[in-house]
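[1] next comes the sequence, and after it the predicted model I'd like to discuss.
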Amino acid sequence: MKTPLIAPSILASDFANLQREIEMLNRSEADWIHVDVMDGVFVPNISFGFPVVEAVKRYAQKPLDVHLMITQPERYIETFQKAGADRITVHYEACTHLHRTIQQIKDAGCQAGVALNPHTPVFLLEDILEELDLVLIMSVNPGFGGQKFIQRTYEKINRLSELRYTLNPQLLIEVDGGVNAGNARKLVEHGANVLVAGNFVFPRKARKQ
Ligand code: DX5
Ligand code: ZN
């Protein structure tokens, strides 16, 4: 497998020209298209919902990596799959019955991921790691693009890499928030396989959305 995979986040793209932005990603070296869904409750921002995911899917030639920053994501898994999600990542902090929600994502035919906020330790995933395709480590507090990378992330990737070694060698480690040319290499050296990049890929809107 190619490492790292690159997953540009369309949160930082020009929504008025979404088709053009997706077509640019189709032509680029990007591997996945990262789709940040925010509900204004789990995080203090609202991004977009199903119609926009469907619109992206209409033009995307790469898998949609849907990152749900929403409470009770179990209510919407099938709808996101129908809208075009290939991978669905839910937040550990948003799921009361995480194991059930992961099964639900798989039953819908999608790859399943769990995201951890910066304050959530990786050991909390020990009993579910074998069930997962991916763990997304937030390297900023979720809710906005264009934030500063949290240095502690490297240590979290180290610890997750150790767990991966014994429990699930196929697991992908994705890093999301403040990723750029200055830290990408170090992230990969620590064990990251997938790098999300918003403002680094779409510099026009290099500001807090
Ligand atoms: C933040 C989102 C990220 C964000 C990354 O809540 O999950 O995917 O779009 O944007 P940058 O790369 O600008 O930090
Ligand atoms: Zn994201």
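    Great, that's in hand. Ligands and ions are numbered 1, 2, ... in the order given.
[2] and the residue most central in space within the chain, helix, strand or coil?
    Compute the mean C-alpha point of the chain, and by Cα atoms, centre = their mean the closest residue is residue 67, 4.5 Å away. Per DSSP: H, G, I helix; E, B strand; the rest coil, the secondary structure class of residue 67 is strand.
[3] any idea how far it is from ligand 1?
    5 Å (Cβ to the nearest ligand atom, to the nearest Å). Any C-beta I mention is one placed from the backbone N, CA and C, and that applies to glycine too.
[4] isn't that residue right next to residue 38, touching?
    No: the pair residue 67 / residue 38 is not scored as a contact, 9.1 Å apart, by Cβ atoms under 8 Å.
[5] pLDDT on stretch 168-187, on average?
    Regarding stretch 168-187, the rounded mean pLDDT is 98.
[6] ugh, wrong one, I meant stretch 16-24
    Rounded mean pLDDT across stretch 16-24 is 97.
[7] so the residue nearest to the centre of the chain bridges to which residues?
    residue 36, residue 89 (DSSP bridges).
[8] show me the contacts for it.
    34, 35, 36, 37, 89, 115, 136, 176, 196 (Cβ atoms under 8 Å, 6 or more residues apart in numbering).
[9] mind putting the residues you listed into JSON lines with distance to ligand 1 and neighbour count?
    Converted to JSON lines, the contacts of residue 67 look like this (distance: Cβ to the nearest ligand atom, whole Å; neighbours: other Cβ atoms under 10 Å):
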{"residue": "34", "distance to ligand 1": "6", "neighbour count": "28"}
{"residue": "35", "distance to ligand 1": "9", "neighbour count": "29"}
{"residue": "36", "distance to ligand 1": "5", "neighbour count": "25"}
{"residue": "37", "distance to ligand 1": "9", "neighbour count": "25"}
{"residue": "89", "distance to ligand 1": "9", "neighbour count": "27"}
{"residue": "115", "distance to ligand 1": "8", "neighbour count": "22"}
{"residue": "136", "distance to ligand 1": "8", "neighbour count": "27"}
{"residue": "176", "distance to ligand 1": "5", "neighbour count": "25"}
{"residue": "196", "distance to ligand 1": "5", "neighbour count": "28"}
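[10] and ligand 2, which of these contact it?
    Restricting those to those adjacent to ligand 2 (criterion: Cβ under 5 Å from the ion) gives 36, 176.
[11] tell me the one among the contacts of residue 67 nearest to residue 48.
    residue 37 (6.9 Å; Cβ to Cβ).
[12] for the closest one, which non-adjacent residue is closest in space?
    residue 68 (5.2 Å; Cβ to Cβ, 6 or more residues apart in numbering).
[13] what about the closest residue to ligand 1 within the chain, neighbour count?
    Residue nearest to ligand 1 within the chain: residue 198 (2.6 Å; Cβ to the nearest ligand atom). Neighbours of residue 198 under the rule other Cβ atoms under 10 Å: 28.
[14] tell me the contacts of residue 57?
    64, 83, 84.
[15] could you look up the SS state of the residue of the chain most remote from its centre?
    Centroid-distance maximum for the chain: residue 166 at 23.5 Å, with Cα atoms, centre = their mean. Under three-state DSSP, residue 166 falls in the helix class.
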